[in-house]
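**Student:** need coordinates for the following:
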Amino acid sequence: MRKMTKKGGFLIKKAVWTGAVLCVAAVCAMVYALTLSTYRAGAEAYYDYVVALDAGHGGIDGGVVGTTTGVRESDLNLAMAYLIKDKLENCGFRTVMTRTDENGLYGSATGGFKQRDMRRRREIINEAKADMVISVHMNKFSSPSRSGPQVFYDGGSAAGKALADSMQTMLNGFTGNGHSALAGDYYMLKCTSAPSVIVECGFLSNPDDEKKLTDGVYRDSLAEVIVRGALYYMSGAGI
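**Tutor:** Numbers count the residues shown, from 1 in each chain. As a prediction, the model looks like this:
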């Protein structure tokens, strides 16, 4: 959970898109179709490119909680990470998960558990020699009006910014939001020199976002868009 974002909402069912949004969405779809077919056709050539997927929180650290359903962020993060994993592997990438079940990575639930949890995630990422890191989270804000996915990157990483911008472009085309990727000083963005992003998939403090994020069909579509962002970056079009 991160609390920096801009105002926005899921406009597909609420309003008619502007010509500019439609243009961006069309370009994004074209780039995705080209890059996805390329990676599927040459899947064996990319077996050594490793994407680390980090499902945020876990165990006694459930993260933020949905205001309507009470859903735990940690559960949604894990579900999203597995969907992204499957789609990346279908494109020929290798993946590694920092967290594979509902438990945290801290061992015993004693003092300092959060620091141990974060260090273990970093160890897994570095042991895998990850070429890209995608950390999955859900957002929360004091005002329920804030909505939509938001991507964060390490301000000192040009590659991280390029990856974040690519993902944010694809996500904006999907949701109709006008968010920009934001720089953030977060541990998970500094685990490796490889391009790393935190993807806040939506706001559990926003009833509409919460409803969508607890729907399996929507999560599957969102995971596909996140993979589009990675492919857009890999194609060089997003750099």
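**Student:** can you name the next helix or strand after the helix or strand hosting Gln115?
**Tutor:** Taking DSSP states H and E as the criterion, Gln115 maps to helix 113-127. Heading C-terminal from helix 113-127, the first helix or strand you meet, by DSSP H and E, is strand 132-139.
**Student:** output the lowest mean pLDDT helix or strand found in the protein.
**Tutor:** For the chain, the helix or strand with the lowest mean confidence is helix 19-41, at a mean of 47 (criterion: mean pLDDT, DSSP states H and E).
**Student:** the helix holding Gln115 vs strand 132-139, what angle?
**Tutor:** 150 degrees (axes from the mean of the first three to the mean of the last three C-alpha atoms, to 10 degrees).
**Student:** please enumerate the strands of the chain.
**Tutor:** Using DSSP state E, the strands of the chain run over residues 50-55, 94-97, 132-139, 150-153, 182-183, 196-203.
**Student:** how about those strands in TSV, adding mean pLDDT?
**Tutor:** Converted to TSV, the strands of the chain look like this (pLDDT from 0 to 100):
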stretch	mean pLDDT
strand 50-55	98
strand 94-97	97
strand 132-139	98
strand 150-153	98
strand 182-183	98
strand 196-203	98
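**Student:** OK, contacts around the most centrally placed residue in the chain?
**Tutor:** Geometric centre of the chain, nearest residue: Val199, 3.1 Å, by C-alpha atoms, centre = their mean. Each residue near Val199 by C-beta atoms under 8 Å, 6 or more residues apart in numbering is listed here: Ile134, Ser135, Val136, His137, Pro149, Gln150, Val151, Met167, Leu171, Ile226. C-beta coordinates here come from the backbone N, C-alpha and C atoms, glycine included.
**Student:** now Asp101
**Tutor:** Gly58, Leu78.
**Student:** try Gly63
**Tutor:** Met1, Gly56, His57, Arg72, Glu73, Ser74, Asn77, His137, Met138 are the contacts of Gly63 under C-beta under 8 Å, 6+ apart.
**Student:** residue ranges with poor pLDDT in the protein?
**Tutor:** Scanning the chain for pLDDT under 70 picks out the ranges 1-47, 237-239.
**Student:** so what's the residue count around the residue nearest to Met80 when sequence neighbours are not counted?
**Tutor:** If the residues on either side of it in the chain are set aside, Met80 comes closest to Val136, at 4.9 Å by C-beta to C-beta, 6 or more residues apart in numbering. By other C-beta atoms under 10 Å, 27 other residues sit near Val136.
**Student:** pull the contacting residues for Val136.
**Tutor:** By C-beta under 8 Å, 6+ apart, the neighbours of Val136 are Leu53, Asp54, Ala55, Gly56, Asn77, Met80, Ala81, Ile84, Val199, Cys201.
**Student:** circling back: what's the angle from the helix holding Gln115 to strand 196-203?
**Tutor:** Going by the same axes, to 10 degrees, helix 113-127 makes 130 degrees with strand 196-203.
**Student:** which residues sit against helix 113-127?
**Tutor:** Residues outside helix 113-127 that contact it (C-beta under 8 Å, 6+ apart) are 52, 54, 58-61, 96, 98-99, 104-107, 133, 187-188, 191-192.
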